[in-house]
Structures are given as structure tokens and as C-alpha cells.
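S.K.: Sequence and predicted structure below; questions after.
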Number of protein chains: 2
Amino acid sequence: MNQVIETLLQHRSIRRFTDQSLDREQVETIVKSAQAASTSSFIQAYSIIGVTDQEKKDKLAELAGNQAYVAANGHFFVFCADLHRHKIVGDLESADVEDSIESTEKFMVALIDAALAAQNSAIAAESMGLGICYIGGIRNDLEAVKEVLKTPEHVIPLFGMAVGYPDQETDLKPRLPLEHIYMENEYQQDQSLFKKQLQDYNKTTSEYYEERTGGKRADTWTGQMAKMLGRKSRLYMKEFVENQKLNKK
Amino acid sequence: MNQVIETLLQHRSIRRFTDQSLDREQVETIVKSAQAASTSSFIQAYSIIGVTDQEKKDKLAELAGNQAYVAANGHFFVFCADLHRHKIVGDLESADVEDSIESTEKFMVALIDAALAAQNSAIAAESMGLGICYIGGIRNDLEAVKEVLKTPEHVIPLFGMAVGYPDQETDLKPRLPLEHIYMENEYQQDQSLFKKQLQDYNKTTSEYYEERTGGKRADTWTGQMAKMLGRKSRLYMKEFVENQKLNKK
């Protein structure tokens, strides 16, 4: 196994960091790595906002559901789906780009572009001995996040990423069985096999939690998911995104 | 610079492969690497379909706009946003998960999850000396792709990834200036600086194309983008996605 694959397979989220900040060179390496990712038809439909202002970090931590590690880390990045510069391109080139920019297709492109870039950042950071945690919690209240980061129309802050020197050890979380996630030639048509794989995975996850908590918790994956999905969170999103003039047509 | 960052920064798309297939171990390493990526609240909202049936590969190549390397490669993967298993979770746990699954929020989660996993696959493959190319072209006609891969409701094939032993040398494409993509504390408010950065980048890209084509082509980035966005492609996407019962509420 080479060093790259080792880095990938060793990923675990880190939620406590020392107070050492990243230096400029580290930040630039992380951003350059992001930029090196593939981008759909060269569109580069994302932006990255580094948040160094402590007041803003505190505010984002609060908005993300009081996650302390959003405020306390080595560097905090926010990855945005961004078609604002493409709107400007339309102005510069006197081209009618509005229908494209406001389409669901280009919204998908921007999300995918931003996520590919972010994952390169995560890998780059981890390869330097840093820890990372994605922060989807900023989507709790994007109206407020938008105020903090002053993002214009056609931009959606998608998630944060806390990066820093790890101050904790965490475990590798067991993933869904490979043969459940990976299929060949067509989607799994055998519903009973599909369900059996989920039930087998439930055993794996409940054993994982039991061991980790000394028997206090033995959640199954389907139980966790049902609870989370039952909460119906962030149902304001459709309207918010459309108000930013994305995902409209 | 460590070996991981070197791999990230050396990325370039490969569109011609030798006829050597990936072996099972390589495919599994690529899939396990995908699975090791972060996933929003452990939701794992994606699936990967490996396409080995040559007839299906030929069909997908045609649908993607006659891209030969979709049919001829070492292995072809399709990454799907997938909330189908979460629908099954709802059935297994007698939980009301429909509003969540059909929300724009969870559609975004699934897209991001799939893209993070895919990028790990890309990096893993490249670290093994393989080349990759993302294939957004499968989104030209997802109704037809859905037929080929037999994907159920709540699943969207997002993009393919052709992987294989490179049979060409390609150049690194210059990205947008780092200071344009990366901002600190708030989004760039200075519109004239923002535009100047795009114009500077136009020089970079037209020099790149000029050198690469021996003077035959000198496209600017804004010119390319205006042309592409002016085409208004794939405007059926909103309806298609909603028909799969995603991004509806």
C-alpha cells in the first residue's frame, strides 16, 4: 500500500485541536491542492473563504450548533458553491448566461466542484499531519452565515472545514459493506439481499459503539439514520437556494 | 512536498488508456478509498456502479457524447447520489423519512457525499500510476443512463470516472489565481479587483492554449465560459431530479 492510499484509509474526523495556527505556506498548499482537483468543463465553480477573524469564528461556531472546534482550530475554511464569477463573465462577455447559472444542472456542477476541491484540501492537510473535520452545521442557518461572510447572489456556503494539529485520538468508523456501496453493471435489484446487507452492517455498527462506549451505547446504523432523517432538518434550504438564484430552473 | 501533495498537484485528466484492465484488488482499493472519505452525519448517501459489460460501456460512451474513453479504459465507475437505502431504512425502522429524503438539503448532502468519495477514488487511482477522467457527459441523458444501470427512485447517476493505464501525456491546466478562489473573512467585495483577476487569468489561459496548439487557438477563460454557459445545456435536470423524488421540498 502506498503512502497516499494509507493517508486516505487512515482518515478520521478530528474535533479537538491544539492552539497552534497554520502558517501561510500550509494554507496555500491546502488551497493549491484544492485547485488541482478536476473541475467540470474547467468551470471552477467554487470559492474558499478562510476565516481568521475570531469574532466571525465564534459566530460560525454558534450557528453550527455550538461546535467548539469551529472556533478553536488551526485554520477554518468555508467551501462555497460559486457561480457569481460566471455571472460576471456574462457581463464581461455580453453573454446570456442566466438560464444556465440558475439551472439545477449548474447547481449540481457547483456542488460537485466544491466538494472535489474540498476533499483534495482534506487529503493535503492530513498528509501534513493535520487533522480535519467537515462542518455541515453551517447549513443550519445560511441566512446568518451569508451575513457573516458577505457572500453575494449565486453563492452558497456549503460546509466548513476545521483544520489543525490534532489534540485527540479518534477511531476509524466502520463503513457500509463494500458490496453494498459498490455494484457491478446495474443497481442491486435484489431487495432482500439489500436489506440483509443493512442488517449485517447494523451488527458491525452496534458492536463498534458498544466497544467504544464501554457498553453504554449500541446504536445500529439504520436506527441512527431513521432518527436523523425523522428530524426533517433544514427544510428552509430549497427556498434559500432559490433566493440566491440557483437551482431554480 | 510530500508524496501525497505531489500526487494531488500532478493531476491531469487522461482520455486515452491502454487496453489493460484493472484487477479486482485495484478496483477494491479504489472503492475502499472512496468509502474512507468523510460523510455527512455518517449518512453514506452514495453508491458506485462499476461497469464492466462492454455493451453497457458502449451505450454510456454514446450517451456521453461519443467519448471513446468511456468505452475503452481499464475500468469505468459511475458515482451516484443515493438516498434509496435511506428510504429502505425508513421501511425497516417504520420511520417517516420522506420529507427529509425529498428535501433540497439532503439532495445537497448526497451530491457532496458522492463527490468526496469520488475524489478519494481519483487520488487512490492516480497514486497507483493510473490515469482518470471524470465524465459529466453521462448527465446529457439521465433517463437513458437510468435504463442502462437500472437505478431506482432516489438515486441520481452524477458522473462517470474512466480509470486506466495512461496512453497519452497531457498538460497541467492553469487554474484561476489563488487569490481569486481563496478569500479571507469575507467574500471579495471589490468588483473591479474581482474583474481584473479574471482578465489577468484570461492572459494565462490564452497563452496556455496558444502554446499548446502552436498558435491555432488562444481561448480566454471568460470567453470559454460564456460560450459554454450560453448553450443552456441539460435544462431537463430539474424535472428529472424531482421525478426521482429528490430536491422536491
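M.R.: That came in fine, so what should we check first? Predicted model, so just to flag it, every value in this text is computed and none were measured.

S.K.: Break chain A into its domains for me.
M.R.: Taking automatic domain parsing as the criterion, chain A consists of the domains A:3-170+A:236-243, A:178-218.

S.K.: any chance of the ones you listed in CSV, plus mean pLDDT?
M.R.: Formatted as CSV, those follow (pLDDT from 0 to 100):
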stretch, mean pLDDT
domain A:3-170+A:236-243, 98
domain A:178-218, 96
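
S.K.: Deepest in the core, which of those domains is it.
M.R.: domain A:3-170+A:236-243 (a mean of 21; mean count of other CB atoms under 10 Å in any protein chain shown). Any C-beta I mention is one placed from the backbone N, CA and C, and that applies to glycine too.

S.K.: so what secondary structure elements neighbour the longest strand along chain A?
M.R.: Counting residues, the longest strand in chain A under DSSP state E turns out to be strand A:155-164. With contacts taken as 3 or more CB pairs under 8 Å, 6 or more residues apart in numbering or on different chains; DSSP states H and E, strand A:155-164 sits against strand A:46-51, helix A:68-71, strand A:75-82, helix A:104-127, strand A:131-135, helix A:142-149, helix B:104-127.

S.K.: can we see that at 6 Å?
M.R.: On a contact count with 3 or more CB pairs under 6 Å, 6 or more residues apart in numbering or on different chains; DSSP states H and E, strand A:155-164 meets strand A:75-82, strand A:131-135.

S.K.: Show me what the first one is in contact with.
M.R.: For strand A:75-82, the external contacting residues (CB atoms under 6 Å, 6 or more residues apart in numbering or on different chains) are A:22, A:27, A:45-51, A:57, A:110-111, A:114, A:118, A:155-163.

S.K.: likewise the last one?
M.R.: Contacts made with strand A:131-135 from outside it, assessed by CB under 6 Å, 6+ apart, are listed as A:13-15, A:64, A:70, A:122, A:125, A:159-163, A:166, B:38.

S.K.: do that again at 8 Å, thanks
M.R.: A:13-15, A:17, A:64, A:67, A:69-70, A:118, A:121-122, A:125-126, A:159-166, B:38, B:40 (CB atoms under 8 Å, 6 or more residues apart in numbering or on different chains).

S.K.: Tell me how far A:Asp82 lies from B:Leu235.
M.R.: 21 Å (CB to CB, to the nearest Å).

S.K.: same question, A:Phe42
M.R.: 21 Å.

S.K.: now do A:Gln224
M.R.: 38 Å.

S.K.: Equivalent analysis for A:Lys216, please.
M.R.: Taken as CB to CB, the span from A:Lys216 to B:Leu235 is 52 Å.

S.K.: Provide a list of residues in contact with A:Glu153.
M.R.: Here A:Glu153 is in contact with A:84, A:87, A:244-245 (criterion: CB under 8 Å, 6+ apart).

S.K.: now A:Met161
M.R.: A:76-79, A:118, A:121-122, A:132-135.

S.K.: Excluding sequence neighbours, find me the nearest residue to it.
M.R.: Of all residues not flanking A:Met161 in the chain, A:Phe77 sits nearest, at 4.5 Å (CB to CB, 6 or more residues apart in numbering or on different chains).

S.K.: repeat for A:Asp141
M.R.: A:Leu63 (5.1 Å).

S.K.: quick one: contacts for the one you found?
M.R.: By CB under 8 Å, 6+ apart, the residues touching A:Leu63 are A:137-138, A:140-141, A:144-145, A:148.

S.K.: Which one of these is nearest to chain B?
M.R.: A:Val148 (7.8 Å; CB to the nearest CB).

S.K.: how much space between the closest one and B:Glu186?
M.R.: 8 Å.

S.K.: Look through chain A and report the residue furthest from the middle.
M.R.: What lies farthest from the middle of chain A is A:Ser94; by CA atoms, centre = their mean that is 34.3 Å.

S.K.: what about that one, distance to B:His180?
M.R.: Per CB to CB, A:Ser94 is found 21 Å from B:His180.

S.K.: A:Glu98 now?
M.R.: Separation of A:Glu98 from B:His180 (CB to CB) stands at 22 Å.

S.K.: Next: A:Asn66.
M.R.: A:Asn66 is 33 Å from B:His180, by CB to CB.

S.K.: just A:Ala64 next, same as before
M.R.: A:Ala64 is 27 Å from B:His180, by CB to CB.

S.K.: Next: A:Tyr165.
M.R.: A:Tyr165 is 29 Å from B:His180, by CB to CB.

S.K.: quick one on the thing from earlier: check the contacts of A:Glu153 against chain B and report the nearest one.
M.R.: A:His84 (8.0 Å).

S.K.: Go ahead and confirm the closest one touches A:Ile156.
M.R.: No. Using CB atoms under 8 Å, A:His84 makes no contact with A:Ile156, being 10.2 Å away.

S.K.: Just give the nearest non-adjacent residue to A:Val27, would you?
M.R.: Leaving aside its sequence neighbours, A:Val27 sits nearest to A:His75 (CB to CB, 6+ apart; 5.9 Å).

S.K.: Could you do A:Tyr208 as well?
M.R.: In space, A:Tyr208 is closest to A:Pro174, 5.4 Å off (CB to CB, 6+ apart).

S.K.: what sits against A:Gly230?
M.R.: If you count contacts by CB under 8 Å, 6+ apart, then A:Gly230 has B:95-97, B:100 around it.

S.K.: Mind doing that once more with 10 Å?
M.R.: B:90, B:93, B:95-97, B:99-100 (CB atoms under 10 Å, 6 or more residues apart in numbering or on different chains).

S.K.: Secondary structure and distance to B:Phe194 for these - can I get that in CSV?
M.R.: What follows is the contacts of A:Gly230, written out as CSV (DSSP: H, G, I helix; E, B strand; the rest coil; distance: CB to CB, whole Å):
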residue, secondary structure, distance to B:Phe194
B:Gly90, helix, 45
B:Glu93, coil, 49
B:Ala95, coil, 46
B:Asp96, coil, 45
B:Val97, coil, 42
B:Asp99, helix, 39
B:Ser100, helix, 37
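
S.K.: what's the most distant pair in those?
M.R.: Taking CB to CB, the two most distant members of the contacts of A:Gly230 are B:Glu93 and B:Asp99; they sit 15.2 Å apart.

S.K.: first to last residue in stretch A:207-217, what's the distance?
M.R.: 9 Å (CA to CA, to the nearest Å).

S.K.: now swap in stretch A:208-217 and tell me
M.R.: Using CA to CA, the two ends of stretch A:208-217 sit 9 Å apart.

S.K.: Work out the gap between that stretch and the centre of the chain.
M.R.: Mean-position distance between stretch A:208-217 and its chain equals 27 Å (CA atoms, centre = their mean, to the nearest Å).

S.K.: Let me know whether A:Asn247 touches B:Leu111 as I believe.
M.R.: No. Taking CB atoms under 10 Å as the definition, A:Asn247 is not a contact partner of B:Leu111, at 11.1 Å.

S.K.: Mutual contacts of these two, please.
M.R.: Shared contacts of A:Asn247 and B:Leu111, defined by CB under 10 Å, 6+ apart, are found at A:81, A:107-108, A:110-111, B:247.
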